[in-house]
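In: Next input, structure requested:
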Amino acid sequence: MDGDRRQWRQCLLAGAVFAVCMAGTTLPTPLYGLYQEKFGFSELTVTVVYAVYAFAVIGVLVLAGNASDAVGRRPVLWTGLACAAGSAVCFLCASGLGWLYAGRVLSGFSAGLFTGAATVFVMELAPHGGTSRATFVATAANMGGLGCGPLLAGLLAQYAPWPLYLPFWVHLALVAGSAAVLAGLPETVRERRPLSTVRPQRLRLPAQVRAVFGPAAIASFVGFALFGVFTSVSPAFLAESLGVHDPAVSGLVVALAFFASTAGQLAVGRVGVRRSLPLGCAGLLAGLALLAGALRWDLLALVVLSALVGGVGQGMAFRGALSAVAGVSPPHQRAAVISTLFVVAYTGISLPVIGVGVLTGPLGLEGAGLVFIACMAVLVSAAALYLLRRPVPTPAPEP
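Out: All right, here's what the predicted structure looks like:
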């Protein structure tokens, strides 16, 4: 019993380290308006600054996503924390746009290193038979950390001095504490190999996976695209269309989407994978409709509802997609297939977001948002209809 408690404590501490790293990736979200005022760049530039993060994540997932299997979990996580600290330093030193790009790239490196390694680390530290609970700890740490970033930065920017500096000093302190916590956790990889043995992961899609992968990937793409627009464009919409210039409010709206995603992922355990994907698609469609209404009628209440409903839909769809794809993948190719799904998902928070930025010039923020919503609605509707006609198979129960 004491051994189980110690292992759960280690599992939760690893989850806290995971959350701190992910919080840093969304920390600048409510501050982009202040950077626009300081450096005088356009809304397109905001979306590009945001999107380079996703490209960095994809690069790390493909090139070094399996590095922790070779060199161990802790060295990879320490490297991720170092990248997170470097990102904070870039924002603290920001005297021009180049610093913001560098900060976002380093932030993407940290997220790419943590996404796989920290998830597995949390699960490996849990006691025997605790896989399901440990998976939720990892999920909550990931999405909860993403939600805490804009909430923390927004509150500090609104109610404390030095809005472009204090959030990153606080995060640096949290990263330092996380490094100390990580030093006290045991390494879970017993047989380690040199870093030179790590090879880029080949993205694989076996024939038996393709029928499930298509709708799962579309749902993941749309869900991450919705989050991408929320985290890059919603602060500007709140300021320009609704007259909300309070960073705490914009940070809270973005945070609600991530917290709702955590709730949606938790709900998958109740409704089952077979139903969670189509239900998640329905939630995404409803979230998109609410966002369209918010853009059309300039209503803050609809923005909040869109964050909550779309977040729950994203959580259900993405966890359902991961479970469904993993369930039909051959064991020896499962990691490569899941990496492919993550690449599709992170593409969703880069290309569509840049597209919104490009269209903002000729169409304005509202018009660009409505075009984005229409495109995403077509995609998620097609995935939902396919899933209703051909439901995903129920995965085998955990051992």
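In: max-length helix in the chain?
Out: If you go by DSSP state H, the chain has its longest helix at helix 351-389.
In: And that helix, what's buried?
Out: By 16 or more other CB atoms under 10 Å, the buried positions in helix 351-389 come out as 352-357, 359-360, 365-366, 368-370, 372-373, 376-377, 379-381, 383-384, 386-387. Bear in mind the C-beta positions are built from the backbone N, C-alpha and C, glycine included.
In: now do stretch 220-232
Out: Under the neighbour-count criterion of 16+ other CB under 10 Å, stretch 220-232 has 220-232 buried.
In: again with stretch 191-207
Out: Buried, per 16+ other CB under 10 Å, within stretch 191-207: 198, 201, 204-205.
In: Which ones among those lie within helices?
Out: Assigned to helices by DSSP H, none of the buried residues of stretch 191-207 qualify.
In: just those now: which is nearest residue 279?
Out: The closest of these to residue 279 turns out to be residue 205 (CB to CB; 25.0 Å).
In: just checking, that closest one touches residue 213?
Out: Yes: Residue 205 is within contact range of residue 213, at 6.1 Å (criterion: CB atoms under 8 Å).
In: hmm, which helix or strand of this structure has the shakiest average pLDDT?
Out: Scoring the helices and strands of the chain by mean pLDDT, DSSP states H and E places helix 334-348 at the bottom, with a mean of 83.
In: can you map out the helices along the stretch 1-150 of the chain?
Out: Remark: helices assigned in the stretch 1-150 of the chain by DSSP state H, counting those that start in this stretch are 2-26, 32-39, 43-64, 67-71, 73-92, 97-125, 131-159.
In: now those helices in TSV, with mean neighbour count, mean pLDDT and distance to residue 273?
Out: Listed next are the helices of the stretch 1-150 of the chain as TSV, based on neighbours: other CB atoms under 10 Å; pLDDT from 0 to 100; distance: least, CB to CB, whole Å:
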stretch	mean neighbour count	mean pLDDT	distance to residue 273
helix 2-26	20	93	23
helix 32-39	16	92	36
helix 43-64	22	91	23
helix 67-71	21	88	26
helix 73-92	22	97	27
helix 97-125	23	94	18
helix 131-159	22	91	13
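In: for these, which one sits closest to residue 239?
Out: Of all the helices of the stretch 1-150 of the chain, it is helix 32-39 that lies closest to residue 239, at 5.7 Å by CB to CB.
In: Tell me, what's the model's pLDDT at the nearest residue to residue 214 once chain neighbours are set aside?
Out: The shortest distance from residue 214 to any non-neighbouring residue, by CB to CB, 6 or more residues apart in numbering, is to residue 386 (7.3 Å). The model reports residue 386 with a pLDDT of 89.
In: Next, work out how far apart residue 386 and residue 216 are.
Out: Distance of residue 386 to residue 216, computed by CB to CB, to the nearest Å: 10 Å.
In: quick one: contacts for residue 90?
Out: Applying CB atoms under 8 Å, 6 or more residues apart in numbering, we find residue 90 in contact with 99-100, 102-103, 106.
In: now, among these, which is nearest to residue 209?
Out: Closest to residue 209, out of all of these and judged by CB to CB, is residue 106, at 33.3 Å.
In: Touching, the closest one and residue 83? I think so.
Out: Yes: at 4.8 Å, residue 106 counts as touching residue 83 under the criterion of CB under 8 Å.
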